[in-house]
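[1] my questions are about this predicted structure, shown below with the sequence.
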Amino acid sequence: MMKNKEVVFELYRCFRQQDVERFMQLCSPSIIWQQNHGFPGEGTHQGPSAVMNKVYKAFNFEWQRWSFIIERVLDAGDDIVVLGYFTGTNRDTQKQFKLAASHIYSFKDGKVIKFQQYTGGPKPVNQAIPKVGMAEARSLSAAIA
């Protein structure tokens with residue numbers, strides 16, 4: 001069985017490679033995913049399918065390129081804290097941003113049961129999105145789900 005810290009690294013690999021099947025194996029069927037306001041897929045989502053459909057599809061729709069760079073991982077047993085930053089390029093405006101973030105993953109029986117994102121705020125992300133396009137992108141994001 002993988003250690004919780006190893007599971008987190010595997011999750012980031014799943015995100016990069018869009019490995020939905022593996023992502024679903026690593027998460028509890030009832031995972032709670034809390035995505036910050038101002039980010040694609042913002043809000044609280046339950047279940048791995050909802051996370052992939054409402055968060056990661058929205059990321060890929062709104063951003064031409066994006067990544068989360070891990071700077072530090074803190075292992076607290078059933079909770080793993082990841083410190084790093086997002087970088088991205090808006091698909092429509094080609095504007096780029098960089099935003100510090102932390103992620104807390106909570107585990108039970110080797111599966112992720114909760115994810116909580118903390119960032120410095122949506123301002124850098126919002127600045128990369130045109131005002132008119134923001135509402136349209138949010139509506140389309142909701143429609144994708």
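    Great, that's in hand.

[2] show me what contacts Gly47?
    Counting by Cβ atoms under 8 Å, 6 or more residues apart in numbering, Gly47 makes contact with 29-31. Yep, even glycine has a C-beta here, placed from its N, CA and C like the rest.

[3] let me have these in CSV, extended by neighbour count and pLDDT.
    Shown next, in CSV, are these (neighbours: other Cβ atoms under 10 Å; pLDDT from 0 to 100):
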residue, neighbour count, pLDDT
Pro29, 11, 97
Ser30, 11, 97
Ile31, 23, 97
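
[4] which residue is the nearest non-sequential neighbour of Tyr56?
    Spatial nearest neighbour of Tyr56, chain neighbours left out: Phe15 (6.5 Å); criterion: Cβ to Cβ, 6 or more residues apart in numbering.

[5] what count of nearby residues applies to the one you found?
    Other residues near Phe15 come to 18 when the count uses other Cβ atoms under 10 Å.

[6] and which of the contacts of Gly47 is nearest to Gly88?
    Ile31 (23.7 Å; Cβ to Cβ).

[7] which single one of the contacts of Gly47 is nearest to Gly43?
    For the contacts of Gly47, the nearest to Gly43 is Ile31 (14.1 Å; Cβ to Cβ).

[8] so the closest one, which state does it fall into?
    strand (DSSP: H, G, I helix; E, B strand; the rest coil).

[9] beta-bridge partners for Val82, please?
    Going by DSSP bridges, Val82 is paired in beta bridges with Val73, His103.
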